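Q: Below are the sequence and a predicted model for it; my questions follow.
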Amino acid sequence: MTAKRKRSGKGMVEGTAATVNERLPSRLFATDRYPSNRNNCYSSLEFLLLVRDVLEGSVEMERLLCSCFGSLFRLPVRRCAFSGKLVHGMLCRQLVTKKRFEMWPVFGGGPTRFSLAEFGHVTGLPCGEFEPGYEVDDKAKSKKADYVFWDKLFGGRRNLTIDDLAAMVAGESTMSQEKKFRICLIIIVDGVLMPKIQKPKPTLQYVKLVENLDKFFSFQWGRESFWWTISTMLPAKKVLGKCDDPEGAFCAQLRQDSKFLLGFPLALQLWAFEAIPVLLDRLGGDDSVTLLSYIGDKLPTHTGLVLTDVLSAENNPKLTVLPMVDVHEDRDDGWGVFDCEILDRKVSYMVGLLKSGHKFEKGEWGGGDAGEPLYVHDPTANEVKRKIRKLTHNAEAGPVMKQRRLSRYFSRKGPEVGDKYEVLLDAVGELKKELGRLNKVVEKQGRMLKKYKAKSIGKLSSSRGLLSRRKRVRPVVSGDIFGGSDQERTHKSSDEMEDELGGGSRSTALKEGDEIPLLYSDKVDGREQTHVVQFGSGSNTFYVTEEEVGSKTGGVVVGNAYPVSYVEQGSDEAGDLGIPGALDDCGTEVDFGELNRLVGVITREEAVAENQGRKPSGQGEKASGLDGIEPQVHMDKVTSVEATGGVKGERITDTRGTDVEEGEDVGNKEPIDDGVGSDKDEVRTCGLAAAEDGQSSGVEGEGVDVDGSVDEQVMDLSDSSPCQRSEKHKPVEREAELASLLLAKEPFTMDKIVPTAEDTDYRFFENVLIGNPKVLHLNAGKFDLDNQFFIELATSQEWVSTKHIEALVEYIAARHEDTLKERRCLFLPPWFVAHLQGKTRAFNAAKVNRGRVLGDGRLSGFLTKEGRKWGVDVDTLYAPMIWDDNHWVGLCISLTDWRVLVLDPNPRLKSMEEVRSVLESVSKMIPFLVEKVCPVPESGPYGLEPFTVERMGGAYENRRSGDCGPVSLKLMELHALGNPHPRMDGLTDDLVDIMRRQWAMDIYKDWVVPVYVGEEMV
């Protein structure tokens, strides 16, 4: 046999110095002596683009994407350009074995398997066992009765091709959607997965199967397609008299100019990219563009690998080869294997070496056809650029008129660029990166602004902070504070009040202990009343708001700026103050010294002592101290005033002489406490009063409404004094009616795990919650949940918070507690993965003993609780994880398979490389946790190899924004329970909406209702 011409970078040498392992299978072609031809592929992925465009936006397309064929539409475009050289090179590098359903190529010395398991891994097609009695028959004879549905579907036309069917669905606008959908399914199976001739035709057997869509989708299409694919990739069986030398005949086929391949040979190329990463690096680009998102009806050409790419990758020093994928335990029995497979001892020996971690070299593989020239890699030789083949035609047949692009007649001046498609992809990729960076900047600024606002609202600040922000004082309206009803009384300016009282300038600096008069006047029945409130000043000076003034019938504000005092409720200090009118139960100031740094303490008197007929106590009395500290009263005198009139802010000067601007009117305000306006004598103490929703008590710039209204509930902020106790919510009549409706409903059963119809009482449930969204239910299932929590959970496409995820995890774990224990599964809260991510930097920086980084006693205690011990009670963990602060996914962590399976509601957002990058630190940390908390198995201690990361395919994809959190929890729930009906691929957008509403009602029924009816959680 003649030797071929030398190619660039190749030479002819005699023999190789190698030690051959005779126990290994022999090669088909000798090492580095491969023909360089190509293969013809009858399968065309452009049929998928046509189906995508024909069914775009329809319900049928949604069903197709949720079926077993959905994974085909998610194949990256850059991997789909068929490379005949690459596939031909893999066929030439295979080993000669007895296996009929396995091919073992050796690439650069490393063997890799291509079997049904790998085929199912890269295509996502079902590869389980066929129905009993079914066999793949390539010589089936048809009967006349078999064409009944064929004639109904195709109108009696028998001699049709897949191209004809494509023209039918694309051109006939009057065709029903159901008929169009069935024809599209035939196009997929006969045009993409199992074409048998160059111009494929519909297969009668598959046309009959498409009549029943449920049966069609449950068929094991992956096994059927692989049977046809592998049939032309291996040498034939040896048959005496017919095929005495099957290996030689197969080598002769590979030396032809081209060799045809049946089935779906692109799967071999997809597996080569998975098993040999350097090939994917030679390809360039990324996997962001899939067949579903690709724009156009034709795939890009001349983007696949050429021979030089294959040879360079094989001699790359960074070459690594993945031997195989294992069939996971969660697969059905018989998935990915053939019971009729032949045992080959040499293959078993090779697999044993692979599992033991043996590093194979080229020289270990012997045998093979040595008729081709030996390739010697020259790393210094420049790669030959690909040239566009010139189109030729037969001169004797005359000129052939061909349509040419007008742009070919004009050449653009300037630097040449590569493929336009690749250039555009690179440009788009750069834009996406820049957009992502800008989004992170905006999100960071938003978080900083939110933190700044949170610190500003309701914060106890020093006098310097109060002065710098120039807080204003709201006027006190007598009707609001003292129970009056006249809202039209006029308030005099501070200058007029000063003149009436004969006061001097307010800009004079005060000394420690001086009193600061706060003045206001009001007209009552034509008489003008002047009121004075005295404050003992210190190193700090502050304003008084209307909630700090008086009670319904009259009041005195007693304050001390420094040292801070605590006012003991129920004390009897009115007599000590020397106040005319003998106010009783005013309160006692107790000095805490350096322990307290509050600006002041305000006490409110709600009833006048003389109305109660009491006599003021003597001057010499002292109230009992607190914890042995002698009480001190920092007040010289207090002027008694009538409980009418209002206050307008005054300019006050602290000891440093700093002026504070005069307060402005902001509006009126309702009483802030139920005790105000009551007849009961009661003393209230507070620092700064703030509304529950974060609004300030009348200070400008801190959330006061335009109309001046705030919530009635008040939160007391203080460093020392106790806050008011929150009262338990008392259900109203509508809430009691709602509770009755919910308690009357049937308990949960597994057939309701994904409800198919909305609950008839949901609208009433929603109206009750919307009527009072801020009602807080304490200790509802270990959480404090308000009605707004349930409204957000039930709203379609509403983003949920971490609290929602925590509550759903807890609820699902409690609902299926017995089943999860039986299946040895455990649901973990979202903080678990976040905790590991927070230790990434320290973990990566540790050189030795990296397990110490994870040596958290509380974490170890959490993981070793009774009934949830890793390796003893639990083998599978389910944990939610958030990516980029905007996308929730579920993680299924298998301690037996040493694998992290990602349950992604929208896998289009990240490529598999990006997923592995995100989970890299987590997959490396989990082995150290396993070693720390799991008991040592009998087979020996655990290894510290990182967990493999995979992403589940074939499930429902939630392409809407806002549903990723609940959908990821539902996927984890279904996966943990064995994927019951309607299964993960049976979910739809409508079912997700119903599911969210039902979850809200169920949690409210099981957690909130028992809080008020005294029942335990169901």
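A: Done, it's in. Residues are numbered from 1 along each chain as shown.

Q: Could you point out the longest helix of the protein?
A: helix 420-456 (DSSP state H).

Q: For it, enumerate the helices and strands it packs against.
A: Contacting helix 420-456 under the criterion 3 or more Cβ pairs under 8 Å, 6 or more residues apart in numbering; DSSP states H and E is no other helix or strand. No exception for glycine: its C-beta is placed from N, CA and C like everyone else's.

Q: mind checking the end-to-end distance for stretch 749-768?
A: 26 Å (Cα to Cα, to the nearest Å).

Q: before we move on, what about stretch 947-959?
A: By Cα to Cα, the extent of stretch 947-959 from end to end equals 28 Å.

Q: Can you point out the buried residues in that stretch?
A: 947, 949, 950, 951, 952, 953, 954, 955, 956, 957, 958 (16 or more other Cβ atoms under 10 Å).

Q: These in strands, which ones?
A: Among those, the residues falling in strands (DSSP state E) are 949, 950, 951.

Q: The last one and residue 906 touch, don't they?
A: To tie it back to what came earlier, the one meant is residue 951. No. Residue 951 is beyond contact range of residue 906, at 11.3 Å (criterion: Cβ atoms under 8 Å).

Q: what sits against residue 873?
A: Residue 873 sits next to 821, 824, 826, 867 when contact means Cβ atoms under 8 Å, 6 or more residues apart in numbering.

Q: circling back to that earlier point, can I get the ones in strands among the buried residues of stretch 947-959 in JSON lines including distance to residue 229?
A: As requested, those are exported to JSON lines (distance: Cβ to Cβ, whole Å):
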{"residue": "949", "distance to residue 229": "27"}
{"residue": "950", "distance to residue 229": "23"}
{"residue": "951", "distance to residue 229": "24"}
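
Q: mind giving me TSV with the buried residues of stretch 947-959 and columns for distance to residue 430 and pLDDT?
A: Compiled in TSV, the buried residues of stretch 947-959 are given as follows (distance: Cβ to Cβ, whole Å; pLDDT from 0 to 100):
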residue	distance to residue 430	pLDDT
947	33	93
949	27	93
950	29	92
951	26	92
952	31	89
953	29	85
954	33	82
955	32	88
956	32	91
957	27	91
958	28	91
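
Q: Could you export those residues as CSV, including distance to residue 1006?
A: Below are these laid out as CSV (distance: Cβ to Cβ, whole Å):
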residue, distance to residue 1006
947, 35
949, 35
950, 34
951, 33
952, 29
953, 34
954, 32
955, 27
956, 26
957, 30
958, 26
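
Q: Using the three-state scheme, assign residue 217.
A: Using DSSP: H, G, I helix; E, B strand; the rest coil, the structure places residue 217 in helix.

Q: correction: residue 990
A: With three-state DSSP as the criterion, residue 990 reads helix.

Q: which residues of the stretch 451-600 of the chain score low on pLDDT?
A: For the stretch 451-600 of the chain, the stretches with pLDDT under 70 are 455-600.

Q: residue ranges for the helices of the stretch 701-850 of the chain, please.
A: Here the stretch 701-850 of the chain has its helices, by DSSP state H, counting those that start in this stretch, at 733-743, 762-771, 787-794, 802-815, 817-822, 831-838, 840-845.

Q: so which of those helices gets nearest residue 25?
A: For the helices of the stretch 701-850 of the chain, the distance to residue 25 is smallest for helix 840-845, at 41.3 Å, taking Cβ to Cβ.
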